[in-house]
Every structure is written in structure tokens, then in C-alpha cells.
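Visitor: coordinates only, sequence not included:
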């Protein structure tokens, strides 16, 4: 019985080794493992005869069976590793990629047109000593109106079409979405550091929407306060900006106007880049862009003495000028822009934005 069982085990080992060597997939190896060394496998069936042997023979046959089971387990594991290596080698050949070959460049965004304009305007004025500042875009009525020489209920407030906040009223009045960047003037003067040469670029809000207006837009505010500042300094700064921003052939002019926070006050015009300031196109007809040779870009003037006083500055000792204009409208006036509706800047139309 002992000899017969030993021969059965050796024959079973040989059969199992041949089956493992012929296996081509992990599934086949799994089936072999269950068939031969599983709980109901052939090795288990052979070992059921151990009970009929004496203790000495049973120990010898049991040791042989364990050795055969270990050898088969190692053979199966080795075969699995071999099949896995072969599979990876095939995959590498099938999915070979030349890492030196140029790939497909993913889509890239770029700066918005308004951001480009803000950076360009800031850089121009930084060259003549203006420092960029930031002041609140939600502010008190005092800074937006009253400190700028517009008392409560003054009719000059009407043109700003202001958004008022649903918030508690303080000693400085109601809280508003700033209708202009001029709220920065008195805030900057209150710091008490002279001279003042600042630019404030921020969002403004007005209840307006048409081809040249949007409810939210960006405005550029400039303020220069020092001893002996005159209109000639204002004119020089504006002329410098126009030539740097629009081109060396462009010119500016000042037209008398009225703003409560400047005296005297002016509207700033720049010569049209389409008709070169003549007012007539190539067909001898009126220029379709400007109609008269000039384009309005914003307002300016000498800082009103009441504004200087509100900021704690002695108007008998100091004087200054201020100017402000819409960033979007100014950029639309650049030669070659051909933007006839300011609202398209904020419609998120990728076809339009990709052009710039």
C-alpha cells in the first residue's frame, strides 16, 4: 500500500507539472490549482488512504504529499509571473510611444482684454511716478459723494444712477456700490502723506446698459496733489498718456465742463485714429466713428478746494488735478479694435475673446 500510494503521488506530481507548463492564461492556472490541490482535488483524494497506514508509513507519505503540494504551488506562482511578463511585453509593443514626438498641445487661456488694458494703462503712468492703489468698491455715501462736494439731495448726484446697498446707515451715510473711482480721492488725501501721485483702477456700478455702457465697468482714476500744480501739468500728463497709449500721432484737447469735485473742469477728447482728426473718411464723407474728428475719453480738472479740505489738505498751500475715464471705452478707441458694443466684452463668447 505504501509503495502504491507513493507511486500515485509521484505520477500525480508529473501530471500536474505538465498541466502547469502547458497553461497559457491565469484562468487555466486557477483551474489546475483547484483540480489538483484544491479541497476536493486529486491530491486530497489520494491522501484519503492515509488512514489505513501505520503511523510510521503515514508520516512518510504525508511528508511527501506536503513537498509535492509546495512544489506545485511554486510552479503555479512561477508560471503566473512568466505569463504576466509576457503580457506586459506584448502591451509595451502594442502601446509603444515615442516620447520625443511632439504631442497635442492642450488649449490655453489668456488674459482678458480688460486685464490687458488695465496693465498697459498702469505701466504708462508708473513711468511718470504714479503709484497704483486700491480702494473699496463698496463704500459710504460720504466718500462717493459728500466729500466730493456733493451734499445730500444735490441734483448732481442724479447722473450717477447709483446702486444703494441694503445695509445699516452709519455716520457717513448709506453704503453704495461705487459709481466712480473718485471715492479714492479723499481716502488717499486723508493719509496725510504729500505729495500725492496715485492711480486707482477699480470696478464701478451704474444702472446703465447700452452699446457704450454696462452695469459693471472699470474706471481709471488719477490724482496728483502737490505745491504749485497747475493746468499745464494736467495737460502734459494727458498728452503723454494719449501718445503712449493710442500712438505718437494722436492729440488731446480739453473742453470746458462742470464736475462738482473739480474747478475748473474739462472733458478730455483724443483725436480720432480712423480719420486722423479730420472728421472725414476716405470717401470724403463724415467719419462714421467720430463724426467730428474727436473722441471723448473722460473727465478731468483741478481738484476743488472743498475736496482738498475734506481730505484734511490746506487748499491755500496745495493744489492738484484729477482725471478719470472708463477702461473699456478707452480701449475700444484704440486703432484697429473695431468693437462697436461694449457689452460683448462680458458675454463670455470664446469666438470673440480668442481674437485678442
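Guide: Received it, and whenever you're ready, just let me know what you need. None of the values given here were measured: they were computed from a predicted structure.
Visitor: how many residues are close by residue 168?
Guide: Neighbours of residue 168 under the rule other Cβ atoms under 10 Å: 7. The way it works is simple: take the backbone N, C-alpha and C, and place the C-beta from them, glycine included.
Visitor: do you know how far it is from residue 284?
Guide: For residue 168, the distance to residue 284 (Cβ to Cβ, to the nearest Å) stands at 62 Å.
Visitor: now do residue 179
Guide: In terms of Cβ to Cβ, residue 179 sits 42 Å off from residue 284.
Visitor: the more surrounded of those two?
Guide: Taking other Cβ under 10 Å, residue 179 and residue 284 do not tie; residue 179 has more neighbours (22 against 6).
Visitor: what are the ranges of the helices in the stretch 1-150 of the chain?
Guide: Using DSSP state H, counting those that start in this stretch, the helices of the stretch 1-150 of the chain run over 2-22, 26-37, 42-47, 55-94, 113-126, 141-144.
Visitor: and the closest residue to residue 17 other than its chain neighbours, what pLDDT?
Guide: In space, and not counting its chain neighbours, residue 17 is closest to residue 75: 6.1 Å by Cβ to Cβ, 6 or more residues apart in numbering. If you check residue 75, the pLDDT there is 83.
Visitor: pretty sure residue 207 sits in a helix.
Guide: No - judged by DSSP: H, G, I helix; E, B strand; the rest coil, residue 207 forms no part of a helix; its state is coil.
Visitor: enumerate every residue touching the residue nearest to residue 17.
Guide: Residue 75 makes contacts with 16, 17, 20, as judged by Cβ atoms under 8 Å, 6 or more residues apart in numbering.
Visitor: of these, closest to residue 48?
Guide: Proximity of the contacts of residue 75 to residue 48 (Cβ to Cβ) peaks at residue 16, which lies at 17.8 Å.
Visitor: just to check, the closest one is in contact with residue 32?
Guide: Yes - using Cβ atoms under 8 Å, residue 16 is in contact with residue 32, at 7.0 Å.
Visitor: neighbour count winner among these two?
Guide: Legend: neighbour count by other Cβ under 10 Å for residue 16 and residue 32, higher for residue 16 (24 against 21).
Visitor: any low-confidence regions in this structure?
Guide: Low-confidence segments of the chain, defined by pLDDT under 70: 1-3, 46-47, 49-53, 88-97, 288-289, 335-338, 340.
Visitor: residue 131 - nearest residue in space that isn't next to it in sequence?
Guide: residue 198 (5.4 Å).
Visitor: quick one: the one you found and residue 187 touch, right?
Guide: No - counting by Cβ under 8 Å, residue 198 sits too far from residue 187 to count as a contact (10.0 Å).
Visitor: so for those two, which residue has more residues nearby?
Guide: Using other Cβ under 10 Å, the more surrounded residue of residue 198 and residue 187 is residue 198, with 22 against 17.
Visitor: count the residues that sit near the closest residue to residue 119 other than its chain neighbours.
Guide: Excluding the flanking residues, the one nearest residue 119 by Cβ to Cβ, 6+ apart is residue 111, at 7.8 Å. Neighbourhood size, residue 111 [other Cβ under 10 Å]: 11.
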